[in-house]
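Visitor: Sequence unavailable; structure follows:
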């Protein structure tokens, strides 16, 4: 026969596991992520985003850098870029940076599977959590 104590412990364990599962699949606030992309010729740098607890974003692109803001409601996401620093980038990297900011600005929804965040819009973008 199952005791009341065992039932309570089982219920608490199931609740804790469901909360962890939701946290792993939720929008990755407070996380640094790297774009799934190859470096450009002549560089080892790959764009990354640091998403703050309230959606504020620090961008490090192929050459440029800047800030922005994610607003999330359910599976809908809006990215609004802030000031982007030019940093005297070579033309090819500057164009790639501009295209990436435009792609981020056009995302509409998101999904997360483990450590991969996919931002879905005209050009899907996949970011992976930066491991420490």
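Guide: Ah, there it is. Predicted model, so just to flag it, every value in this text is computed and none were measured. Residues are numbered from 1 along each chain as shown.
Visitor: measure stretch 43-55 end to end?
Guide: Using C-alpha to C-alpha, to the nearest Å, the end-to-end distance of stretch 43-55 comes to 29 Å.
Visitor: Check which residues of stretch 93-111 are buried.
Guide: Using 16 or more other C-beta atoms under 10 Å as the test for burial, stretch 93-111 gives 93, 94, 96, 97, 100, 101, 103, 104, 107, 110. Using the backbone N, CA and C atoms, a C-beta is placed for each residue, glycine as well.
Visitor: Any idea what residue 85 is bridged to?
Guide: residue 65 (DSSP bridges).
Visitor: Please report the distance of it from residue 126.
Guide: Separation of residue 85 from residue 126 (C-beta to C-beta, to the nearest Å): 25 Å.
Visitor: Look up the closest residue to residue 25, ignoring the ones flanking it.
Guide: The shortest distance from residue 25 to any non-neighbouring residue, by C-beta to C-beta, 6 or more residues apart in numbering, is to residue 112 (5.2 Å).
Visitor: Surely the one you found forms part of a strand?
Guide: Yes. Looking at residue 112 with DSSP: H, G, I helix; E, B strand; the rest coil, it is inside a strand.
Visitor: okay but residue 29 is in contact with residue 52, surely?
Guide: Yes. Counting by C-beta atoms under 8 Å, residue 29 touches residue 52, with 7.0 Å between them.
Visitor: Please enumerate the helices of the protein.
Guide: Assigned by DSSP state H, the chain shows helices spanning 4-25, 91-105.
Visitor: my guess is residue 32 meets residue 128, correct?
Guide: No. Contact criterion C-beta under 8 Å: residue 32 and residue 128 do not qualify, at 10.2 Å.
Visitor: Return the distance of stretch 122-132 from the chain's centre.
Guide: Offset of stretch 122-132 from its chain centre (C-alpha atoms, centre = their mean, to the nearest Å): 6 Å.
Visitor: The nearest residue to residue 77 once chain neighbours are set aside bridge partners, please.
Guide: With C-beta to C-beta, 6+ apart as the measure, residue 110 is the residue that lies nearest to residue 77, at 4.6 Å, once sequence neighbours are left out. Per DSSP bridges, the residues bridged to residue 110 are residue 119.
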